[in-house]
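Peer 1: coords please:
(3 chains)
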Amino acid sequence: MTRVRIDRLSLAYDRDVPTVDDVSLTIEDGEMACLLGPSGCGKTTLLRLVGGLLRPESGDVWFDDARMTDVAASRRNVGFVFQDHALFPHLRVRENVSFGLEARGWSKDRSRERVEEMLDLVELHGKERRFPNQLSGGERQRVAIARALATDPAVLLFDEPLSALDRKLRDVLKFTVQALQRASGKTAIYVTHDQSEAFAIADRVAVMHEGRILQVGSPTDVYLRPEAHFVADFVGISNRLPATVLDGGEAGGAVRVRVGQAVLSAYGAAHTVPGEAVMLHVRPERVTLVPNAADGPGDLLTGVVERTIFEGPTLQVWLAVEGARLIAEVPGVEELDLRPGMTVGARINHTTVLAADAP
Amino acid sequence: MSAINPEMMREPQSAPIRRRRGHRPGRRRGGLLAYLFLAAMSLLYVAPLVGMVVASLHASVRVDAPFSVAPYGDLIQRYGHELGVSVRVTVATILINLMLTIPAAYGLSRLHFRGRDLLLSALTAALFIPPVIFGLALLLAYGLVFKDLVDTLGGLILAMVVGTYPLMLLPLITVLRGIPPVYEEAGLVLGASRIRVFLRVTLPLMAPGIVAGVLLTFIIVWNEFLVTLFVAGTNITAPLLLYNRIAFSGIQPSTAALAVFLQTTSFVAIAVFTLAVNRRYAGRAAR
Amino acid sequence: MGRWRRVGAAWPLGLIAPLAILATALMVVPLVCVGVVSVTEADTFFFAPKYTGENYSAFFDRYGALFGRSFVNAGLATLAAALVGVPFAYILERRVYQPALRTALRALLVFPLFGGLYIAYGARSLLLSGGALAPVLRALDIEATDILYTRGLVIFGLALYTLPFMVLNVSAALERIDPAYEEAAEVLGAGLARRWRKVILPLLRPGIAIGCVICFSLSLGEFAVPKLVGGPADQKVLSVVVAERALGVQDYGLAAALGMALVAIAFVVTYVMTRLSREQFREARA
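Peer 2: Residues are numbered from 1 along each chain as shown, chains lettered A, B, ... in the order given. Below you'll find the predicted structure:
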């Protein structure tokens, strides 16, 4: 079992791949960490650096106490699941899975046994003789995982393994990946641009942007307590409301802020001082609407309905609040009979304070 | 040696724009005219072969000689030696081409270094040099510089190699460029050495290019007589003998039979290889 | 695809070196030999080479007409190949739907690949006495020699030989062009002529250009067709004269000087081809 330590890795000289800029991250033994970010943010580059498919310009990769920076990919003993599978098209399923075993000089019998074990594990028994193009997308993905697990690697690396599949299949297979990783107890790094995928399976999520990690934390932390505007915007819809700090404090504590007439209690993601102009991030589903808003101080914001969008399970309501737009996502509220131009009250159940000039 | 565009070996891996199956031929104005045009063109292209087949099926040179397949029966007896030389030269050229171009194609498409594109252009320039110039140049070079190669089978084979290797190199480079590097990376992270990855992953995936290159080399060398005319000396190949007979002895059934035989073998080679490649690689291409 | 780690500059060269050495020894050295021989007085190579421009002045004085004839032949053959080959490719790609028929038509185009020798020999065996067309000619009261051994047949043979190269290039270009453009033009009310002039030909231009360069260069270098179906005057073209000067009368100096002209043309062709392929590649990506 292995602890992966990424120590101040940088790669900028290679113009063909997105850069990685002084990134440090430790993935604990048996943990599943997700690198989440938009395309071009450097998440795949970072994964390839860990796997040995790229060489860093500076910094190191450690597996426990072994420095891997100068170790070739073929000697790192990692299991790599590629985007679009990368199953060898000229080899049968069995030969694909046993490829790494052959490279390690396993005997025919031993490797056949191992292949069967692996195919049982991913529930593909009986498909040994198929070629990759004779498999469905989901089956291919499971072969790719079996191939990566067969050599009993120290670390599992997933590079957007589900991005080639359709939505429904993705929703099933992400739990298959998670279950296989849990069962094997292996340390894993999983790269994706899909936040729901990351939230569903990761122990910890690292959000990347322009070659840097902006925030590392549990899915809940990243979603509800973003430490950067980019993180807040990338993982779902986020409303920004300008506010003024009433009584500030250290990062991680509660802060009281004023928005227009209303006074709210918020989570302070940054160190704040009284009177500072800050930005609030509000998740749409954390807003509840109240009819006939009362004037005056309190925790209720007053807004004017701009438009409503029926989305099936929920109703999206766009409000004009204090010169900003607040999007609320509320359960079907026919009794409110919302129409553009109406004034309603909005109560915010959870919000995060960020410095206005945070990344 | 011949300005063959690598485009002509249709690559199993290339993905042209998907054809719409919407419109039917019958509905088109001028459909009949189009088919008549195709028929006339087909006639033009079969005509020379038909002429040779008709000329070959006679018992003797005389115009009114009776029908006979004897000229074909006598092929080996009459031209066995020259056909033997042809087979040796063709096989040797293909093997040497493979040994030279597989590593070179790998280097030229997978590895990065300065001047790579320039080197590739220089290496393929031979495609546009007419065979008559190749023949003259090699005749002079063998006579003035490489005197050991004059009138040897080796000299003839090397002449064929230098004239045809671009036809092997280009399909290999095209096919290599079409193989995503991720397969080789997958091999590496699974613990295989670079050489093992090349032999187990890259080389098998290059098969369509290798087949195309072998086929093109075969077709050119098997039918080549002009460069041969300059450098062969006493090593007369079958096509060179054919040329000499045509140039100096007119139409004889046995000569015509040799011409038909050489063309038929070339055609069968193309048909067999194309079918084999289509069957094996259709649909299995990397996706 | 820069995902491969950069390796030291030495070993890729090791992979390419054998081929590069062979190409240098048997392509560069021989071409240099041609150049040197073309400016050296006959029989003085080995001991005290004397340099001379005589071979070049000779070919300008005595062989000027040779160039004219060679270029006109190749040009007319290319024109014919383009005029027939472009519609042929279009019909093959856009109007033939049965896969078997398409395969059969493509297979027919393979024959010229084997060389002009067979086309020349085929023409002879069709037309000479006892040939398959002899009775037809007799019935029409035409002498075989009115057709055979004429410049017209030389050009026809060259066109027949090079046409497949035109068709293959134009077909390849057509495959990259979405038929929707033509359908759009038709829906917008463009007739056949207008569609060709405004849509199809402009889109095919790079493919046709490449086809023409290849056809021209092949026709210029072709030996068997002019040699075997041309009359004595028609055989006075570059490729045939180079071979006969060298092999027939061992006048290597003059053969080399004429050859240098063909080498120069070959380099121009290579350059133009590279430019055209790049252009086509760019357009295909745009």
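Peer 1: and residue B:216, how many neighbours does it have?
Peer 2: For residue B:216, the neighbour count with other CB atoms under 10 Å in any protein chain shown is 25. In short, each C-beta sits where N, CA and C put it, glycine included.
Peer 1: which residue sits closest to it, ignoring its sequence neighbours?
Peer 2: Distances taken as CB to CB, 6 or more residues apart in numbering or on different chains place residue B:167 nearest to residue B:216, at 4.0 Å, with adjacent residues excluded.
Peer 1: What parts of the stretch 101-250 of chain B come near chain A?
Peer 2: Within the stretch 101-250 of chain B, the positions adjacent to chain A are B:180, B:182-183, B:185-194, B:196, B:200-201, B:204-205, B:207 by CB under 8 Å from any CB of the partner chain.
Peer 1: Show me the residues you listed that map onto helices.
Peer 2: B:182-183, B:185-189, B:194, B:196, B:204-205, B:207 (DSSP state H).
Peer 1: Report the buried members of those residues.
Peer 2: Buried by 16 or more other CB atoms under 10 Å in any protein chain shown: B:182-183, B:185-189, B:196, B:205, out of these.
Peer 1: Could you export those as a markdown table, including distance to residue B:249?
Peer 2: Putting those into a markdown table (distance: CB to CB, whole Å) gives the following:
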| residue | distance to residue B:249 |
| --- | --- |
| B:182 | 60 |
| B:183 | 56 |
| B:185 | 62 |
| B:186 | 61 |
| B:187 | 59 |
| B:188 | 62 |
| B:189 | 66 |
| B:196 | 57 |
| B:205 | 50 |
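Peer 1: which of the ones in helices among the residues of the stretch 101-250 of chain B next to chain A are close to chain C?
Peer 2: Answer for these near chain C (CB under 8 Å from any CB): B:182, B:185.
Peer 1: and the ones in helices among the residues of the stretch 101-250 of chain B next to chain A, which two are the farthest apart?
Peer 2: Pairwise distances across these (CB to CB) peak at 23.6 Å, for the pair B:189 and B:207.
Peer 1: which residues sit in contact with the closest residue to chain C within the stretch 101-250 of chain B?
Peer 2: Relative to chain C, the nearest point of the stretch 101-250 of chain B is residue B:130 (2.6 Å; CB to the nearest CB). Residue B:130 sits next to C:217, C:220-223, C:239, C:262, C:266 when contact means CB atoms under 8 Å, 6 or more residues apart in numbering or on different chains.
Peer 1: Which residue ranges of chain B form strands?
Peer 2: Using DSSP state E, no strands are found in chain B.
Peer 1: low-confidence ranges in it?
Peer 2: B:1-30, B:63, B:281-287 (pLDDT under 70).
Peer 1: report the longest helix in it, please.
Peer 2: helix B:75-110.
Peer 1: Flag every buried residue along that helix.
Peer 2: For helix B:75-110, using 16+ other CB under 10 Å, the buried residues are B:75, B:78-79, B:82-83, B:85-86, B:89-90, B:92-94, B:96-98, B:100-110.
Peer 1: can you check stretch A:338-347 too?
Peer 2: Counting neighbours by 16+ other CB under 10 Å, one finds that the buried residues in stretch A:338-347 are A:338, A:342, A:344-347.
Peer 1: Does residue A:240 touch residue A:281 like I think?
Peer 2: Yes. Counting by CB atoms under 8 Å, residue A:240 touches residue A:281, with 6.3 Å between them.
Peer 1: Pick out whichever of these two has more residues nearby.
Peer 2: residue A:281 (25 against 17).
Peer 1: Spell out the secondary structure type for that one.
Peer 2: Per DSSP: H, G, I helix; E, B strand; the rest coil, the local secondary structure of residue A:281 is strand.
Peer 1: again, but for residue A:24
Peer 2: strand.
Peer 1: Next, the contact list for residue A:328, please.
Peer 2: Neighbours of residue A:328 in contact, by CB under 8 Å, 6+ apart: A:284, A:287-289, A:316-317, A:319, A:346.
Peer 1: Okay, and which of the residues you listed map to helices?
Peer 2: Those of those lying in helices (DSSP H): none at all.
Peer 1: Columns neighbour count, secondary structure and distance to chain B on top of the contacts of residue B:130, output as TSV?
Peer 2: Shown next, in TSV, are the contacts of residue B:130 (neighbours: other CB atoms under 10 Å in any protein chain shown; DSSP: H, G, I helix; E, B strand; the rest coil; distance: CB to the nearest CB, whole Å):
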residue	neighbour count	secondary structure	distance to chain B
C:217	27	helix	5
C:220	23	helix	7
C:221	28	helix	3
C:222	31	coil	8
C:223	25	coil	5
C:239	26	helix	5
C:262	22	helix	5
C:266	22	helix	5
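Peer 1: Restricting to the residues you listed, which residues neighbour chain A?
Peer 2: Restricting the contacts of residue B:130 to those touching chain A (CB under 8 Å from any CB) yields no residues.
Peer 1: Which pair of the residues you listed spans the longest distance?
Peer 2: Every pair in the contacts of residue B:130 was compared (CB to CB); the two farthest apart turn out to be C:223 and C:266, at 14.6 Å.
Peer 1: SS state for the residue of the stretch 251-359 of chain A found nearest chain B?
Peer 2: Of all residues in the stretch 251-359 of chain A, the one sitting closest to chain B is residue A:359 (32.2 Å; CB to the nearest CB). The three-state assignment at residue A:359 reads coil, by three-state DSSP.
Peer 1: Closest residue of the stretch 51-200 of chain C to chain A?
Peer 2: At 21.0 Å from chain A, residue C:99 is the closest residue in the stretch 51-200 of chain C, using CB to the nearest CB.
Peer 1: if we can go back for a sec, the residue of the stretch 251-359 of chain A closest to chain B and residue A:208 touch, don't they?
Peer 2: No. Using CB under 8 Å, residue A:359 is not in contact with residue A:208; the gap is 11.9 Å.
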